[in-house]
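1. A predicted structure for the sequence below; I have some questions about it.
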Amino acid sequence: MTETGNHPGGRACAGLTQEQGQRQVFCGLTSIVWLHRKMRDAFFLVVGSRTCAHLLQSAAGVMIFAEPRFATAVLGDRDLAGMADCNEELDRVVNELLARRPEIRNLFLVGSCPSEVIKLDLDKAAERLTAAHQGRVRVLPYSGSGLETTFTQGEDQFLTTLVEQLPASTDAEPSLIVLGTLADVVEDQFRRLFDQLGIGPVHFLPPRTGDELPPVGPGTRVLQAQPFTGEATRALIRRGAERIDAPYPLGVEGTRQWLQAAAGVFGVPDERLESVIEAPIARARAALERQREVLSGKRITFLPDSQLELPLARFLSAECGMQPVEVATPYFDREFHGRERDALGDGIRLIEGQDVDAQLDRLRADRPDLTVCGLGLANPLEAEGLRTKWSIELVFSPIQGFEQAGDLAELFARPLVRHETLKV
Amino acid sequence: MQLTLWSYEGPPHVGAMRIAASMKGVHCVLHAPQGDTYADLLFTMIERRPGRPPVTYTTFNARHLGRDTAELVRETVNATYQRHQPEALLVGDTCTAELLQDQSGDLAQGMDLPVPVIGLELSAYSRKEGYGASEAFYQLVRGLLESDHGADAQPEDAPRPPRANLLGPTSLGFRCRDDVQEVTRLLESIGVEVNVVAPLGASPADLRRIPQADFNVSLYPEVARATCDWLQRRFGQPTVTTVPLGLGATRDFLTEVGEVTGLDVSRAVAEADARMAWYSRSVDSNYLTGKRVFIFGDGTHAVAAARIARDELGFEVVGLGTYAREEAREVRRAAKAYGVEPLITDDYLEVERAAAEASPELVLGTQMERHIAKRLGLPCAVISAPVHVQDFPARYAPNMGLEGANVIFDTWVHPLMMGLEEHLLGMFKEDFEFTADAPSHLEAGAAPAPGGAAGEAAPAEAATAVAEAGEGTTVCWTPEAEAELKKIPFFVRGKARRNTERFAADRGIATITVETIYDAKAHFSR
């Protein structure tokens, strides 16, 4: 596991079955639910249909406490019949929005299935609107369409658009970009660890505001904090950056190796690394031990959702003693996911994509102790006597890093403990 | 193109899903891209449905667009039929599929499946969820009754009690589960049998029995009106249109059933009573008199709420509106009767503005208005869809019929009563038991510190008390006047403040003093 360098694409496909059919997954628009909270001066305007608006509202729950920093420009009959010029209409809606929300500095025009089918050119619209609101708002396009993206891939598209905006740096001195949204608390923990290791400058992408975009150039090193950042990583590499090969920072081992990979690239002596991570690792192991008693020996299946499935299965298997039965991912990145696949070892059914009815048939035959699935399936499976863990919580909760390792295990232990506790 | 932040209704195909999910033996195939499956979670999470909704999605993606999406429809319909063996299939497009123009309904109908296949045209770019539900229900009923297996009213010889169909209750509808039980009991109490309840809990075979009833009850007109109108034309079944929400409407409902069936219901009407009637007349309810209520919801519940508010609780209706354009006519008519401007909009910001302007003491609305009321620091009760997990209580809690009238009384009055309790706490706050951090059921900052309860921000409030009155005129309150105002019991304080500000604005008084308060009081008490 200490080897570096990319896995060649072909080898990483072995042992992976591809499935096609009905998918029970979110589209990429859903990532707006956490992206808008991460980037506080950004507004996300979906150009789409009433369905897009309804999806965002349903996925965001009922958090109607304030005017949200996302909205939908809903296409109507007039737009489609050509009675109204879609571009003029979009300009009008954006003007209306910006008049109401003067604090917005970055406006993302998010493409959807309908905008893609009618070939509405949001790249051009963004250029036009940026020029029209010169100096006040930066307007950027990306696609969250279900035709192109599954759930977290929406963030990858968003990040790829951001990468194009990064200022160029010719500096050969190494700097670090940590890629993929992390909870603020996790980000702060990692920043402290990097400081203690003497690694810097460190930038997190996406940043908390639009004016914190880090420079990119030949000195830039990229450390993926999330598995769904492949396209953005490739975009950074095209701009001169180098990727640090590492597992994703889930669990004690994942986090240790993730930091170790960065430390290696930045020339941090081993003794210094060990002294910095010794105490957090001891804490994390103690926290994990309690959950391990519940989880050890339990069988678990992952339905495809966020691309976090492979590293999560690796963590639960290696550090909590669980036995993965089937691990399905919506998308297997042949360039970057091979390492996590290899860490899982053999004897596990690995699936890319979904045919939900066939998958549920296998699930009913396997009857694992715990199934990680989306909200549309959780209660129906519980009603069949299967224990479930909502997958969406794994995207919204702070789960990365040493201090969260115990919390992460507890998320999986809770449904099992609850089942044992209830007498109704 | 319309800027939409939060919406009251989903797209029309969600309405069609609700019809399929309400029924047994009906499956819905939606021609839809990846991601549209999100709507399943409304059923499994909000309603806590223990099974997956009977919906299959074609799940096309960018790769399919270059090939044959129509073939994908056929494959999916076929696989769905093989796997689920439904007695009837609904087939329609979501918004993206509508653009592809595959005509999924026609395609499916051309496949010669051995069960009825109903194609739906849902007009995703002009219509919404309510329409989708109404249209899907109508097409399904019509499709089944006009098909070869369609039933007809068989001639009957033996005398039998009158029979009714209860039409309109759906999955994800507001309190439908319990309303059906309550209305069934009500009808049975006057000797009317319930023939079919649909779509909730019905099978296609049940729908075929609809013509065997003597009349239909349009329980939720948003869903059932089009179907009831057609049944009336096609089978001559009259429709009972009174929705039994509230005690008065429940009595009217019984009267209308009597007219339609020829049953003598005069005794049942006279005896129809609910505990809420006495509660409302009891002296402790005096403080409810003239409470200003702002009402917003689906058409049926909003109009019914206005009547209950004024006639059964003695409130004053200060706002009435709906997000459902299909119901605009009914709401306009009612608003005129209550002397208020009707609010027909699905823009929640406009609703928030209107609610703030009406300065109500109670908001009756949807979950969206619950949030609006929370921001405005007002008590609120939820009366209508769109639904929330809270709208599916574990206990029996109908809104219709006699028990429904009691449930409504409790639901609306408790938020106000809690305010009264808070006031009493404020009155006794000088007593040593009542310290500044005395326990309160109200969330911090949620209520406008009624009765000056517990640690209120009096100095800040008094110093900065500036009100907008009339046409943008700004009126200030002196600290003494603010303090005097606080001595007025909280349940009339809002009114006193408004009246004083209006009085001052009308006379060009820029600063309200203690004198102004009493001048205004004298003026308005004449």
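-> On my side now, so go ahead.
2. who's in contact with residue 325?
-> Went with chain A since none was named. In this structure, A:V325 makes contact with A:299-301, A:348-349, A:366, A:368, judged by CB atoms under 8 Å, 6 or more residues apart in numbering or on different chains. Using the backbone N, CA and C atoms, a C-beta is placed for each residue, glycine as well.
3. oops, chain B please
-> Taking CB under 8 Å, 6+ apart as the definition, contacts of B:R325 comprise B:344, B:346.
4. Which pLDDT value belongs to it?
-> Residue-level confidence at B:R325 comes out at 93, pLDDT.
5. again, but for B:M418
-> Note for B:M418: predicted pLDDT of 66.
6. just the one 3 residues further on next, same as before
-> Each residue has a pLDDT score; the one for B:E421 is 64.
7. For chain A, what is the nearest residue in chain B?
-> With CB to the nearest CB as the measure, B:G35 is the residue of chain B nearest to chain A, at 2.6 Å.
8. State the distance from A:L90 to B:L120.
-> Plainly put, A:L90 is 30 Å away from B:L120 if you go by CB to CB, to the nearest Å.
9. An error on my part: the question was meant for B:L402.
-> Note on B:L402: its distance to B:L120, by CB to CB, is 38 Å.
10. same thing with A:P102?
-> 43 Å.
11. As a check, name the ranges of all strands in chain A.
-> With strands called from DSSP state E, chain A shows them at A:16-19, A:42-48, A:70-74, A:106-111, A:138-143, A:175-179, A:202-205, A:220-224, A:242-243, A:299-302, A:323-329, A:349-353, A:370-373, A:388-390.
12. the domain parsing of the chain - what is it?
-> Here I'm looking at chain A. According to automatic domain parsing, chain A comprises the domains A:9-22+A:283-421, A:28-149.
13. wrong chain, I was asking about chain B
-> Structural domains of chain B, as assigned by automatic domain parsing, span the residue ranges B:12-129+B:141-146, B:163-272, B:276-419, B:457-525.
14. Distance to A:M322 added to those domains, as a markdown table?
-> As requested, the domains of chain B are arranged in a markdown table below (distance: least, CB to CB, whole Å):
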| stretch | distance to A:M322 |
| --- | --- |
| domain B:12-129+B:141-146 | 25 |
| domain B:163-272 | 36 |
| domain B:276-419 | 31 |
| domain B:457-525 | 53 |
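15. Just tell me which of the ones you listed ends up closest to A:E253.
-> Distance to A:E253, taken as CB to CB, is lowest for domain B:12-129+B:141-146 among the domains of chain B, at 33.3 Å.
16. where does the chain have low pLDDT?
-> No chain specified, so I'll use chain A. By pLDDT under 70, the low-scoring segments of chain A are A:1-14, A:61-66.
17. Chain B, not that one
-> In chain B the weaker segments, taking pLDDT under 70 as the threshold, are B:148-157, B:418-473, B:489-491, B:526.
18. excluding its backbone neighbours, what's nearest residue 321?
-> Answering for chain A, as no chain was given. Using CB to CB, 6 or more residues apart in numbering or on different chains and skipping the chain neighbours, the partner closest in space to A:G321 is A:S296 (3.4 Å).
19. looking at chain B here, not the other one
-> Nearest non-adjacent residue to B:G321, counting by CB to CB, 6+ apart: B:L343, 2.9 Å away.
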